[in-house]
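got a predicted structure here, sequence first:
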Amino acid sequence: MPAVILVGAQWGDEGKGKITDFLADQADCVVRYQGGSNAGHTVELDHDQFKLHLIPSGILHPSKTCVIGNGVAVDLGKIIEELDGLHQRGIDTSNLRISSRASVVMPYHKKLDEIEDRTKKIGTTKRGIGPTYADKISRVGFRICDLLHEEYFRQKFTLEAGNKNRLLQKFYGEPGFDVEEMLEQLLAQIAVIKDYVVDTPLLIHRDLKAGRKVLFEGAQGTLLDIDHGTYPYVTSSYPTAGGACVGAGIGPTEMDRVIGVVKAYTTRVGEGPFPTELLDETGEFLRQRGAEFGTTTGRPRRCGWLDAVILRYAARINGLTDLAITKLDVLDTCQTVKICVAYRYKGELLTEFPDTDIVLAGCVPEYIEMPGWNQDISSVTAYRDLPAATRDYIEKIEELCGVKQALVAVGPKRDQTIVTRKIF
Ligand code: IMP
């Protein structure tokens, strides 16, 4: 099974960083295929904690190739910052490869993101993601390979940055950017990272042909997908499994398994309806015990019970073959746990996730309630040693979404992961 896609099954922040880090140990190559520095991974090692945004968590495994794919929006300043941080901690980054086709986040993209979110109120991370992808689709964006051809880049960038300045000044009444200054800064930045830049679809293709194990790591989650998520409160890329093919340049026939990372409860950052949201002390308990504060923005995450309607939807949209259930230990002290199994909308029972937020906003969850396990599971290492109530909860999740678990996380550390089915 050499090609495995890992996706978030909810609204992001499912603990993908930890699972990627765990699986990276068995893989030969780890690929990020979409998003940008809006993502945040926290990886805990024995005595250290790493927060990464752009660079895949696979970087902590020096023998693995670590790829930033063509579908990623790369902020050159941020990537240099992350590289410096890793170097300062003695981590070798010579295993990093950046796609020559990846889009570049420009200073004006970040500014536009900030300005436009004032009226759109999506609650974006203000990392310039939406405007960068908008420019890519409008064919006025810049890719890493463009910056490597200086004369071409100087010409095109001067024109485009001029257009953006006019937009900022005339339409938004904001100051523009010094085009020459931006240009020099970008050229200085590309000089720092150019040795990491390669044709990554070709590299991954060759790895797969050579029988090497490749892990495709999605950022964000299914419900933040631009097509399949809770539009317009979504990110501007494809975090779903299909996005791995496009964002890495690998055909669907090459993929073997799709793992959905499911947090044992639900969280959401930013705006938009959230049927199982708990605005009471249980929600606050989940936030505090689960340390539910954004890695990128520090914003408190909205918290609620597990929603199996979402999981069923994620299973279908991504073609999930396995589940990785995370943060189960956060529920250790709950007397009872609830799972939403359907929605009630204007008196009608909905079992499938609705296509619009207009309906989702009016959905009231129908819950089942199960006994909690009321004991510390953080040191359990075998599935059979989990309390019966924990196993019942996991097996109910499997039954409700029709997908079997392969991994169960009972704490943030690498060794707090129970493997029930081998991935690689
Ligand atoms: P953007 O990706 O910065 O454009 O933000 C769009 C929406 O996606 C906002 O609701 C963000 O809070 C959300 N979002 C983006 N990245 C993440 C993430 O890594 N975890 C959770 N939510 C995210």
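Great, that's in hand. Keep in mind that what you see is a predicted model, and the values were worked out from it rather than measured.

which parts of the stretch 301-424 of the chain are helices?
Taking DSSP state H, counting those that start in this stretch, the helices of the stretch 301-424 of the chain run over residues 308-318, 357-360, 388-401.

also the chain?
16-24, 76-88, 107-120, 129-137, 144-147, 150-166, 179-193, 200-209, 241-248, 281-289, 308-318, 357-360, 388-401 (DSSP state H).

dump stretch 205-214 to CSV, restricted to CA.
Only the C-alpha atoms of stretch 205-214 are listed here, as CSV (Å, rounded to 0.1, in the frame of the first residue of the first chain):
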residue,chain,number,x,y,z
HIS,A,205,5.7,9.8,-9.4
ARG,A,206,9.3,8.3,-9.4
ASP,A,207,9.0,7.5,-5.7
LEU,A,208,5.7,5.6,-6.3
LYS,A,209,7.2,3.7,-9.3
ALA,A,210,10.1,2.7,-7.1
GLY,A,211,7.7,1.3,-4.5
ARG,A,212,8.4,4.0,-1.9
LYS,A,213,5.6,4.7,0.5
VAL,A,214,4.0,8.1,0.1
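
just how off-centre is it within its chain?
Between the centre of stretch 205-214 and the centre of its chain there are 24 Å (Cα atoms, centre = their mean, to the nearest Å).

which residues touch it?
1-4, 26-31, 65, 204, 249-250, 254, 424 (Cβ atoms under 8 Å, 6 or more residues apart in numbering). Placement of C-beta: from N, CA and C, glycine included.

and whichever residue of the stretch 301-424 of the chain sits closest to the ligand, what does it touch?
Among the residues of the stretch 301-424 of the chain, Arg301 lies nearest to the ligand; the distance is 7.7 Å by Cβ to the nearest ligand atom. By Cβ under 8 Å, 6+ apart, the residues touching Arg301 are 13, 267-269, 287, 292-294.

check those one by one and keep those near the ligand.
With Cβ under 6 Å from any ligand atom as the criterion, the members of the contacts of Arg301 in contact with the ligand are 13, 269.

just the contacts of Arg301: which are in strands?
Judged by DSSP state E, strands contain the following of these: 267-268.

buried members of the contacts of Arg301 into PyMOL, please.
Burial among the contacts of Arg301 is assessed by 16 or more other Cβ atoms under 10 Å; the matching PyMOL selection reads:
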select buried, resi 13+267+268+269+287+292+294
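
for Gln335, the count of nearby residues, please.
Neighbourhood size, Gln335 [other Cβ atoms under 10 Å]: 7.

typed the wrong thing, it's Thr381
The local packing of Thr381 (other Cβ under 10 Å) involves 12 other residues.

partners of the residue nearest to it when sequence neighbours are not counted in the sheet?
Excluding the flanking residues, the one nearest Thr381 by Cβ to Cβ, 6 or more residues apart in numbering is Ile418, at 6.5 Å. With DSSP bridges as the criterion, Ile418 is bridged to Val408.

got a list of what Ile418 touches?
Neighbouring residues of Ile418 by Cβ under 8 Å, 6+ apart: 380-383, 386, 407-410.

can you do 10 Å?
Residues in contact with Ile418 (Cβ atoms under 10 Å, 6 or more residues apart in numbering) are 325, 328, 377, 380-386, 394, 405-410.

just the buried members of the residues you listed?
Neighbour counting with 16+ other Cβ under 10 Å marks 325, 328, 377, 380, 386, 394, 405-410 as buried within these.

from the residues you listed, which two are the most distant?
Pairwise distances among these were taken by Cβ to Cβ; the largest, 17.8 Å, belongs to Ile377 and Ala406.

low-confidence regions, this protein specifically.
Low-confidence regions of the chain, defined by pLDDT under 70, span residues 1, 43-46.

need the residues of the stretch 51-200 of the chain near the ligand, please.
With Cβ under 6 Å from any ligand atom as the criterion, the stretch 51-200 of the chain meets the ligand at residues 122-125, 127, 129-130.

show the buried residues in these.
122, 124-125, 127, 129-130.

of all these, which two lie farthest apart?
Checked with Cβ to Cβ, those reach their widest spread between Ile122 and Arg127, with 12.5 Å between them.

who touches both of the two?
Common contacts of Ile122 and Arg127 (Cβ under 10 Å, 6+ apart): 113, 235.
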